[in-house]
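**Q** structure for the following, please:
(2 chains)
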Amino acid sequence: MKNRERIEGMAAARLVILDGATGTQLQARDMPGGACPELWCLQNPESIKAVHRDYWKAGADIVYTATFGANRYKLAQYVAGADACQINRDLARLARQAVGETCLVAGDIGSTGRFVEPFGDLDFEEAVAAYKEQVRGLLEGGVDLLVIETMVDIQEARAALIAVRELTGTYTMVTMTYESGGRTLNGTDPVSALVTLQALGADAVGCNCSTGPEGMIPLVRAMAPYAKVPLVAKPNAGLPVLRGGETFFPMSAEEFAGFAEEFGSAGVKFLGGCCGTTPEHIRMLHARAQGLKPGKRKEHVPAVLSSARRSVCLASQDPLLIIGERINPTGKKDLQEELLSGRMALVKRFAQEQVRRGAALLDVNVGMPGIDETQTLREVVKTLAVSTDAPVCIDSSVPEAIEKALRIYPGRALINSISGEEHKLEKLLETAARYGAMFILLPLTGKKLPRSSFERQKIIRDIHARAQGYGLTKDDIVVDALTLAVSADPGAAKETLATLRWCSDEFGVRTVLGLSNVSFGLPERRWINSAFLAMAVSCGLSLAIANPMGEEFMQIKRASDVLMNHDPQAREYIAHASDPEEKDGGVTRPDAPVRVQEKNRSPAQRVYDAVIDGSRGEIKDLIDKAVAGGVSPRQLVNETMVPAIQKVGELYEKKIYFLPQLIASAEAMKEGFEHLAPLLEAADACPKQKGTVILATVKDDIHDIGKNIVSLMLKNHGFHVIDLGKDVPDREIIDAVIRHKPQVVGLSALMTTTMVRMKGIIRQAREAGLSCPFLVGGAVVTKAYADSIEAHYAKDGVEAVRVVQALTGQGA
Amino acid sequence: MRDPVFFHAIHLDMPVEAVYRRLGYRKAHTQLGPGQRRDMETVLEDAAGMIELKGSALILKADVGRGSEVTLETGDVLRSRGLARMLSTSRKVLLMGATAGNRIMGEISSCSAGGNLARAVVLDAAASEMTDSALDWISACIGQQVRREGLEVTPRRFSAGYGDFDLTNQKIMYERLRLGEIDVSITDACILLPEKSVTAIAGIRKAERKDGGKCQ
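**A** Purely as a prediction, here's the structure:
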């Protein structure tokens, strides 16, 4: 406790100076490349003590032990059976011997080099156990604080922090490493990391490595508005540059130290150096930091939830947040079967669909008869952690299931819910506090249903008071105002609305409703639900548990956000209203830019446009109109559609169109042809087949998308195509040629190893007396190779049509 | 390190420009209407939801002879003059594999068979680019880990089937990376399934740093 007070006192009074890079200092003392730094330090104790001493004398308040890689997984890469605990203890003692008691010693904890589930194969509990081993050694070695650093995987950082917290209350800092895009390699942004780690009990959070001071300041500024804990920064000495084939960090000590003030004003309380920094950098930093007062911490920090890759702020002026309710097996037979069998396809689909339709959070409930709820909820939460960015709302009546799910979830989750039921209350509050989760407070006690707002208010106050005993505040709570059916109790909605208003205006806490229960037992429930939503929003509702797939519901939500001034300048509302997908029920018109933009186009001209645009959705109607207007089907094909697809080919060759446009046009053409076919037959006007082409992807090759494009293009140009598929044995191709007597045989291959089969197939065909021309293509096939096997070559579908036309004497 | 490291969920942003380029989009020439661009965005968004990138990586000591043989500490011998040249300054190699998973391939097949080839080619291009990006990611990830030893991963990598590095070597890569554990299989012809699965080898060499480079 003495150390904690000392560190907190230092951070409150001034900028605390951390040490700089260790590895390079060891290299300068002849540590060979490829050596295990920890083991080398133990063999060369005076070297590491000198490094620590140099940083201390340069002005560092805290030096890190040389234990970054002293975990069982990293050590095993160098030596079998190393005693991680002992190595940590001995290295911590060396640091203490070097700097004495005047300088603080931080026990350094780095990555295992493995990714922790659900992002990798390292079992979460194994990771926790490995870190406990390291932490025990560091504590035995007498460290003053702990630092978990250079983390790229938020789950690994969580495992390390949980290990620390399950062993000790020692002051602990956690710093992640962000790439140039502002995310860790594993995709975590600084705010999400901060929210997750400070909720889990980190005493200070920040970033180190990967970037210089200029790149790190924006990361710190992003975190500052959400930081309840001090921020830490340990930047590199600039970005590495190559000079004469050698890489080095260019920033001088003076330039580096020049950023001290900016870091301080951005909210940093602990500042040091990473790659490329030296005792001189720290000396200059210490000098510049003298007299600098660290920035004041914000009085009030908004409540935020997080996943591994996104944070969701629950600010009172923000739009109503939707908690998607669909991941719940009640009444969903398919989902029930999936969950029972351990499959997760529907869970992923429901999650992604809801997020796309506007859900900010995802409620997860797996409760049903016959299921192991604890195990299943844990698996579903793991699945959601990797398949969606939305934070989760863990919905269960089983405290153990909630606890296991929170432990594995790599973010800050919302518990749904904690009520006043005595037998669960303490356990759940303790769980929420331990994992830093927010929770939905349900004003029930397990006894009489509180029908009036007054009764609910009393329960809310009681549970809040109990929660305070666990260090939880109103910012950690969202009150469910209770939705009861108006069909059973006509006054129920009014009591709910009164509770909402009290929470919002008097008690000062966020609120949530599961809205749809209000309309239970009534017809046309959506209107009741929508009206109730609008009323609830006006009473201060913050979140709604609902199905975002319901269009009316989401429209009312957007409109309510505008009316409550929660959607500045109605931006979201206008953006949504002007989205043509929404206006046209999801059918978009491609509106290609190259089409002739004229008014009063004739129906036939509009068929032409539809092929050019690739508008397969409308071509049939346009054809019907053209035919009804007196254009003969044959005319339509010969004078409109064929010229259109030829024009598309030209546009593609000039690169004005790219592949998706070419294919969309070809598909519109095909759709049009198929629609016209009965009319052409009836008029005895079917276009004459221009010849037969056999297509195949050769044996052992499974890639067929290019061949499918060629097939589509040839069909559109009047050829009869026999597509043998992919991975086709040589003999099957030869037999098909004998049977169908095609004018051309097209062979496709994507791999160099399968391309060579083409030669054999052509040889076998010639040996069988077959003289038909072969056309070859595919990613690795070249004109030179085609020439060498006496085949014709086409680089793409458009050229394939031209070559086949030439081979069959059709011309363009 | 004999056991590979597995990455069960690699999260990457869709490399949109690369997907467009792969599909033949040329900034100075190609004209795309707003509706067409929106359609592309929708398909790419769908692709992002269906691509489930997984990977594995393994660092092995390697003996690179003067000729065309690279002998791994497992006893496997990789024969390729180009590979040996690329690894000439490396004493260790990084084997890596990545897959876009089965879900996206199922969607591509069903679009292809169901007459929506335009969607299929965009999904296909997205899956290819994402899988390649996953190898970049693995390389960067391992690079960060070996940096503290003063080592770096070579920026170039080789894949079986490239140049004189025969596709049959894919079998060795597949087995050493234990790709079966991330639901990848290999055919007798050494092709990985699902289709958007790749392996590659890069070198790990001493980083030529004058100053800094260690995080420890």
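**Q** in terms of pLDDT, where does residue A:497 sit?
**A** On pLDDT, residue A:497 comes in at 97.
**Q** try residue A:526
**A** The model reports residue A:526 with a pLDDT of 88.
**Q** likewise for residue B:96?
**A** In this model, residue B:96 carries a pLDDT of 97.
**Q** and for residue A:583?
**A** On the pLDDT scale, residue A:583 is placed at 46.
**Q** before we move on, what about residue B:213?
**A** So residue B:213 comes in at 42 (pLDDT).
**Q** ok, now residue A:578?
**A** On the pLDDT scale, residue A:578 is placed at 75.
**Q** how about residue A:257?
**A** 96.
**Q** so for the helix ranked longest in chain B, mean pLDDT?
**A** Counting residues, the longest helix found in chain B (DSSP state H) is helix B:117-146. In this model, helix B:117-146 has an average pLDDT of 94.
**Q** pull the distance from that helix to the chain's centre.
**A** 6 Å (C-alpha atoms, centre = their mean, to the nearest Å).
**Q** tell me the buried residues in that helix?
**A** B:117-139, B:141-146 (16 or more other C-beta atoms under 10 Å in any protein chain shown). C-beta here means a position set from N, CA and C on the backbone, and glycine is covered the same way.
**Q** and if you look at stretch B:175-188?
**A** Within stretch B:175-188, the residues that qualify as buried are B:176-179, B:182, B:184, B:186, counting by 16+ other C-beta under 10 Å.
**Q** and that stretch, how far apart are its ends?
**A** Using C-alpha to C-alpha, to the nearest Å, the end-to-end distance of stretch B:175-188 comes to 13 Å.
**Q** okay, how far is it across stretch A:630-646, tip to tip?
**A** 24 Å.
**Q** can you list the buried residues in that stretch?
**A** In terms of neighbour count (16+ other C-beta under 10 Å), stretch A:630-646 has its buried residues at A:631, A:633-634, A:636-637, A:640-642, A:644-646.
**Q** with stretch A:63-81 instead?
**A** A:63-78.
**Q** re the thing from before, so which of the buried residues of helix B:117-146 also contact chain A?
**A** Among the buried residues of helix B:117-146, proximity to chain A is found for B:117-118, B:120-122, B:124, B:137, B:141, B:144-145 (C-beta under 8 Å from any C-beta of the partner chain).
**Q** can you give me the helices for chain B?
**A** B:16-22, B:34-50, B:81-86, B:102-113, B:117-146, B:169-177.
**Q** could you check the angle helix B:34-50 makes with the longest helix of chain B?
**A** Interaxial angle, helix B:117-146 versus helix B:34-50 (axes from the mean of the first three to the mean of the last three C-alpha atoms, to 10 degrees): 50 degrees.
**Q** mind putting the buried residues of stretch A:630-646 in CSV, pLDDT and distance to residue A:694 included?
**A** Below are those laid out as CSV (pLDDT from 0 to 100; distance: C-beta to C-beta, whole Å):
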residue, pLDDT, distance to residue A:694
A:631, 90, 35
A:633, 88, 29
A:634, 87, 28
A:636, 90, 30
A:637, 88, 25
A:640, 92, 30
A:641, 92, 25
A:642, 88, 23
A:644, 92, 27
A:645, 90, 22
A:646, 88, 24
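**Q** returning to what we had before: out of the helices of chain B, flag the one nearest residue A:445.
**A** Proximity to residue A:445 (C-beta to C-beta) singles out helix B:34-50 among these, at 42.3 Å.
**Q** how about the contacts made by the residue nearest the centre of chain B?
**A** With distances taken as C-alpha atoms, centre = their mean, residue B:135 lies nearest the centre of chain B, 3.4 Å away. Counting by C-beta atoms under 8 Å, 6 or more residues apart in numbering or on different chains, residue B:135 touches B:55, B:96, B:98, B:157, B:198, B:200.
**Q** ditto for residue A:421
**A** A:444-446.
**Q** where is the longest helix in chain A?
**A** From DSSP H, the single longest helix across chain A is helix A:659-682.
**Q** the helix or strand following that one pairs with which strands?
**A** Downstream of helix A:659-682, the next assigned helix or strand under DSSP states H and E is strand A:692-697. Strand A:692-697 has these partner strands in its sheet, going by DSSP bridges: strand A:720-723 (parallel), strand A:744-748 (parallel).
**Q** in chain B, what helix or strand scores lowest on average pLDDT?
**A** Within chain B, no helix or strand scores below strand B:209-211, which has a mean of 46 by mean pLDDT, DSSP states H and E.
**Q** returning to what we had before: I'd like the buried residues of stretch B:175-188 written out as a markdown table, with distance to chain A added.
**A** Output for these, formatted as a markdown table (distance: C-beta to the nearest C-beta, whole Å):
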| residue | distance to chain A |
| --- | --- |
| B:176 | 15 |
| B:177 | 12 |
| B:178 | 10 |
| B:179 | 13 |
| B:182 | 9 |
| B:184 | 13 |
| B:186 | 12 |
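**Q** quick one: residue A:615 and residue A:621, what's the gap?
**A** Using C-beta to C-beta, to the nearest Å, residue A:615 is found at 10 Å from residue A:621.
**Q** my bad, should have said residue A:530
**A** For residue A:530, the distance to residue A:621 - C-beta to C-beta - is 34 Å.
**Q** higher neighbour count, the two?
**A** For residue A:530 and residue A:621, the more surrounded residue by other C-beta atoms under 10 Å in any protein chain shown is residue A:530, and the numbers stand at 21 against 14.
**Q** report the contact partners of the closest residue to that one other than its chain neighbours.
**A** Nearest residue to residue A:530 in three dimensions, chain neighbours excluded: residue A:556, at 4.5 Å (C-beta to C-beta, 6 or more residues apart in numbering or on different chains). Residue A:556 is in contact with A:530, A:533-534, counting by C-beta under 8 Å, 6+ apart.
**Q** what's opposite residue A:311 in the beta bridge?
**A** residue A:306.
**Q** state the distance from it to residue A:195.
**A** According to C-beta to C-beta, residue A:311 and residue A:195 sit 5 Å apart.
**Q** ok, residue A:425 next?
**A** Distance from residue A:425 to residue A:195, by C-beta to C-beta: 25 Å.
**Q** so which of the two has more stuff around it?
**A** Comparing residue A:425 with residue A:195 by other C-beta under 10 Å, the one with more neighbours is residue A:195, at 30 against 19.
**Q** is chain B contacted by whichever strand or helix holds the more buried one?
**A** Here residue A:195, judged by DSSP H and E, is contained in helix A:190-199. No: Helix A:190-199 does not reach chain B (C-beta under 8 Å from any C-beta); its nearest approach is 12.2 Å.
**Q** packing partners for that helix?
**A** Helix A:190-199 sits against helix A:154-167, strand A:172-176, strand A:204-208, helix A:213-223, strand A:304-306, strand A:311-313, with contacts defined as 3 or more C-beta pairs under 8 Å, 6 or more residues apart in numbering or on different chains; DSSP states H and E.
**Q** looking at the ones you listed, which is nearest to residue A:368?
**A** Of all the helices and strands packed on helix A:190-199, strand A:304-306 comes closest under C-beta to C-beta, at 25.9 Å.
**Q** tell me which helix or strand comes right after the least confident helix or strand in chain A by mean pLDDT.
**A** For chain A, using mean pLDDT, DSSP H and E, the weakest element among its helices and strands is helix A:580-583, scoring a mean of 50. Downstream of helix A:580-583, the next assigned helix or strand under DSSP H and E is helix A:603-613.
**Q** that next one: which residues count as buried?
**A** A:603-613.
**Q** try stretch A:449-457
**A** A:450, A:453, A:455-457.
**Q** still on that earlier bit, how about the contacts of residue A:421 in TSV, adding distance to residue B:91, pLDDT and neighbour count?
**A** What follows is those, written out as TSV (distance: C-beta to C-beta, whole Å; pLDDT from 0 to 100; neighbours: other C-beta atoms under 10 Å in any protein chain shown):
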residue	distance to residue B:91	pLDDT	neighbour count
A:444	66	96	18
A:445	68	93	18
A:446	67	86	11
